[in-house]
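Trainee: quick one, structure for this:
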Amino acid sequence: MSHGARVIRTGVSSAGPAATSPPAASSSASASSDGELVDGAYFRSCAGMLKVAQMISLLVAFISVNNSQWTNYSAYSYFQIVAMCDLVMVLFFYIIHIFRVYRMLTCVSWPLAEFLHYLIGTILLLIASIVAASKSYNVTGLVAGATFGFLATILCVLSIWSSYKVSCITQSTSKYHA
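Mentor: Here you go, the predicted structure:
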């Protein structure tokens, strides 16, 4: 019951490790960019800067809540857990893109994994920020933590929108121009 090999091309995994460039398109610039360990262009890309902004806002939210006097232990421990888990996952996907791990591990649908992470993480972060804001009782650090939680939520929504837009455009253009 063999199903044969299928190739699914997305915006991220379109050039797998076994993919070769056509002879006319090969140059020293493309060869050096493929041979580099770190993707320097991702640092300056919109998606890369968005991930850095998310990490900074999540870290500031965590530190603000951690260094404040808590008014409700369960609400703020939930907020800290969600903020740290989201921070770790954003850092994970940032490292995946920086070191081009998606080219080596083509068995994983990285755009889908990142989309699902942002979808679930955004919902949990929105819930945690609402709970943190409602239990802050005007304690400055808790209000700041909730505010940065809402900022991180907005940045996550932007990431969802941009990744969904890119994946839909990539799939629709490859479907009609094949």
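Trainee: what about Gly40, how many neighbours?
Mentor: Counted with other CB atoms under 10 Å, the neighbours of Gly40 add up to 11. Yep, even glycine has a C-beta here, placed from its N, CA and C like the rest.
Trainee: quick check, pLDDT for it.
Mentor: Note on Gly40: pLDDT of 86.
Trainee: now do the helices in this protein.
Mentor: 28-35, 40-44, 46-66, 73-98, 101-104, 110-134, 140-176 (DSSP state H).
Trainee: what residues of the fourth one count as buried?
Mentor: Taking 16 or more other CB atoms under 10 Å as the neighbour-count basis, helix 73-98 is seen to contain the buried residues 75-76, 78-80, 82-83, 86-87, 89-91, 93-94, 96-98.
Trainee: the second one now?
Mentor: Applying a neighbour-count criterion of 16+ other CB under 10 Å, the buried positions in helix 40-44 are Tyr42.
Trainee: tabulate the CA atom coordinates of it in CSV.
Mentor: Coordinates of each C-alpha in helix 40-44 appear next as CSV, following Å, rounded to 0.1, in the frame of the first residue of the first chain:
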residue,chain,number,x,y,z
GLY,A,40,21.3,37.5,7.7
ALA,A,41,18.3,38.7,5.6
TYR,A,42,15.8,37.3,8.1
PHE,A,43,17.2,39.6,10.8
ARG,A,44,16.1,42.6,8.7
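Trainee: elements contacting it?
Mentor: Contacts defined by 3 or more CB pairs under 8 Å, 6 or more residues apart in numbering; DSSP states H and E place helix 40-44 against helix 73-98.
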